[in-house]
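> Take this sequence and fold it.
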Amino acid sequence: MSYVFLLDASACSGCKACQAACKDKNQLPLGVLWRRVYEVSGGEWKQAGPAWNNTVFAYNLSLSCNHCVHPKCAGVCPVDAYTVRADGLVLLDSSKCVGCGYCVWACPYGAPQYDEAAGAMTKCNFCYDNLDLGLPPACVSACPLRVLDYAVVQGEGEKGYEGDGMALWEIPATEHPYPMSDRSRTGPRLVIKPHAAMKLTQEKFLANREEVHPQQTSGWEEAPLVAFTLLVQMAVGGFWAMLWLFHDAPQLLSMLWIGLCLGAGMLASFAHLGTKRNAWRVLNHLRKSWLSKEILLTILFGAGWLVTLTSMILHTNLFILNWLSAWIGLVLIYGMSRVYRLPAVPVWNSWRTQARFFISAALLGILGVLPISTWTHVPVLEWTLAGCIVILLLGAQAAITIIRPLSFKWGRIQLGLILAGMIGCAILFFMPGWFGAATGLAVFLIILIEEVLGRWCFYQARTWPEA
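Predicted coordinates:
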C-alpha cells in the first residue's frame, strides 16, 4: 500500500490555506514552502468588430513533494539521507544532510528546499506523524473546499480511491498538467481531477512565479563548485600533460602545482556544503550516487598524486602507478560529468557536458603546466604537438559554444576570449623567439577567464530557460 495525494483542480480556488497550514505546522522559515499553490493563466482578448471576445483561462494547482514511485532525490543523495518507507513515503533525515543541494537538482518538481539557518535540505514528509495517529496531513485538514485529500492505493496499477482523476504515476510525463515537468521519470504519487483549461493547447503562464519560488539566488551560490570542477580538472589535465606531453619539464615543480590545484579544489567543494560536520558521510551512497563516486575518485586521484610526488622525491620510478593515476583521472572527469547528467536539467543532460569537462581538463592542464615547462628547453616536436592540441581543443570549445550556447549574451564574450586564446597560442607555439614564461602565463590567464565564464554560465543555465 502507498499513500497518494488527491487534488480536484477543477474546483480549487487558490486560497492557499493548504500552503499556510503546511508552513505553520512545520514551522518553516522565510523562503521555504513545502506546499505551493501554482496560479496558471493564459489566453487573450480579441476584438471582432464592435465586440470583444476572449480566450482567457486560469486554474490553480496545489503541489508538494509527490513521494514518487522512483524518487530521484533519494537516488542521488551522497550521504543516503533519504528513506523510502514501505507505504511509499519519501522521508529526509536532515540530521544526516550535508546541504549540498544535489537532491533539488535531481527532483523535477523542486520539492527539497534549503533551510539556510539549519544548513540542510528539507521537504514535505506527508505529515507522517499525523498519519500514525489516524489524522490527515495538515494541508488536507485546512482545505476549505475539500478539493485536497489523500488516499491509499494497494498497487501501482490499482486505484484505491473513488472518483475521476489522472493517476500521474500511470501516465507519461508529457500528459502531466502544466507547470509539472514533462520530462519526469519519477512516477509522482498524485491523482489530479483536471481543470478544463489543462487540456487547452494555448500557451500557459505561471502568474505567481515569485511566490512559488521564494528562494531567490544571487548567482554566486555555485561559485565553490565552479572553483572545484575547474581546479580539479586542471589538476587532472596537468598530470596528463606532465606524463604524456612535457617529458623534459621540471616535473617536481609541475607536481607541486598540480597538488596545489587539487587541494584548493577540494577545499572549495568543502566550502559549498551547508553542514560541514557531516562531510564524512559523503561516501555513504556509492552504489547509486554519482556524487559519492566523484568524491571517491577525487580522493583516489589525490592518493595517486601523493605516491607520484613521493617517488619523485625519492628518485624512484613507479611507472605503472603513474599511469594508473592518469587513468583514475580520466575516470574522475567522466564521473564529474555524470553528476550533471540529470533528466530534470535538460541543458546539462547531454553529451556536451562530458565534452566540456574533458576539453576543460586538457586545456587548463596543458596551459597550466606550460609556464613551468618554458623554463627548460622543450623539444620542438613536443612543443608543436602541444600547440596543435591546444588549438584543436579551443576550436572544439568554440564549436560547442556556437552550436549550443548556454547564454547568447555571455557566449559572445566567451567566443571572443577563445579567439584571443587561439591567437596567443599561435604566437606562443609557432613563432620562434616569442614564446616564454610570460607569454605562456598570459595565454593561460585568457583561457582561464574563458573557462570560468563558461563554467559559471553552465551552472546558471540550470535556472535559465533552455538554450
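
> In contact with V37, which residues?
For V37, the contact set (Cβ atoms under 8 Å, 6 or more residues apart in numbering) comprises C12, G14, K16, C18, Q19, N60, L61, S62, L63, N208, V212. (Each C-beta comes from the backbone N, C-alpha and C, glycine too.)

> Could you confirm I192 falls within a strand?
Yes: looking at I192 with DSSP: H, G, I helix; E, B strand; the rest coil, it is inside a strand.

> and which of the contacts of V37 is nearest P144?
C18 (9.5 Å; Cβ to Cβ).

> Relative to N66, how far out is that closest one?
According to Cβ to Cβ, to the nearest Å, C18 stands 15 Å off from N66.

> Could you measure from V37 over to S141?
Distance of V37 to S141, given as Cβ to Cβ: 16 Å.

> count of neighbours near G88?
The burial count assigned to G88 is 20, neighbours taken as other Cβ atoms under 10 Å.

> can you give me phi and psi for it?
phi 90, psi -10 (degrees, to the nearest 10).

> Distance check, the nearest residue to it once chain neighbours are set aside against I418.
Distances taken as Cβ to Cβ, 6 or more residues apart in numbering put S2 closest to G88, at 3.2 Å, once the chain neighbours are dropped. Here the criterion is Cβ to Cβ. By it, S2 lies 52 Å from I418.

> Quick one: the strands in this structure, in order.
With DSSP state E as the criterion, the chain has strands at 2-8, 36-42, 45-48, 51-54, 57-63, 82-84, 90-92, 113-115, 120-122, 148-153, 166-167, 190-193, 204-206.

> In this model F246 seems to touch S373, though I could be wrong.
Yes: between S373 and F246 there is a contact under Cβ atoms under 8 Å: 4.6 Å.

> Just give the nearest non-adjacent residue to S311, would you?
What sits nearest to S311 in space, not counting adjacent residues and going by Cβ to Cβ, 6+ apart, is L318, at 4.4 Å.

> residue contacts, C139?
If you count contacts by Cβ under 8 Å, 6+ apart, C139 has them with C18, Q19, A21, C22, R35, S62, S64, C127, L148.

> residues contacting A111?
So A111 contacts W34, S64, C65, N66, C73, V104, K123, C124 (Cβ under 8 Å, 6+ apart).

> Rebuild these as CSV, extending it with pLDDT and distance to K46.
Converted to CSV, the contacts of A111 look like this (pLDDT from 0 to 100; distance: Cβ to Cβ, whole Å):
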residue, pLDDT, distance to K46
W34, 95, 40
S64, 96, 37
C65, 96, 40
N66, 95, 37
C73, 95, 44
V104, 93, 41
K123, 96, 43
C124, 96, 41
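
> Which of those residues fall within helices?
Counted as lying in helices by DSSP state H, out of these, are C73, V104.

> Just give me the closest of the contacts of A111 to S254.
Among those, and counting by Cβ to Cβ, the member closest to S254 is V104, at 38.8 Å.

> How many neighbouring residues does the closest residue to the closest one other than its chain neighbours have?
If the residues on either side of it in the chain are set aside, V104 comes closest to P112, at 4.6 Å by Cβ to Cβ, 6+ apart. Residues lying near P112 (other Cβ under 10 Å) number 25.

> again, but for F319
If you count neighbours by other Cβ under 10 Å, F319 ends up with 9.

> Tell me the confidence at it?
Model confidence at F319, expressed as pLDDT, equals 80.

> mind checking how far it is from S141?
Going from F319 to S141 by Cβ to Cβ gives 69 Å.

> Then I389?
65 Å.

> Mind checking the strands of the chain for the one nearest to L273?
strand 120-122 (9.9 Å).

> Tell me who's in contact with the residue nearest to V104.
Listed by Cβ under 8 Å, 6+ apart, the contact set of P112 reads C65, C73, L92, C103, V104, M121, T122, K123.

> try 6 Å this time
Under the criterion of Cβ atoms under 6 Å, 6 or more residues apart in numbering, the neighbours of P112 are C73, C103, V104, M121, K123.

> What score does R85 have for pLDDT?
93.

> and what of S184?
Predicted confidence (pLDDT) for S184: 90.

> what does S254 give?
In this model, S254 is scored at 87, pLDDT.

> pretty sure it is touching G368, no?
No: S254 lies out of contact with G368 (Cβ atoms under 6 Å); the separation is 8.8 Å.

> what about those two, which has more around it?
Neighbours per residue (other Cβ under 10 Å) separate S254 from G368, with G368 holding more: 24 against 21.

> Okay, the more buried one and G259: tell me how far apart.
The spacing between G368 and G259, counted by Cβ to Cβ, is 12 Å.

> Kindly report the same for H70.
41 Å.

> Sort out which one of the contacts of A111 lies nearest F270 for me.
Nearest to F270 out of the contacts of A111 is V104 (Cβ to Cβ; 19.6 Å).

> what's the burial count for the closest one?
If you count neighbours by other Cβ under 10 Å, V104 ends up with 18.
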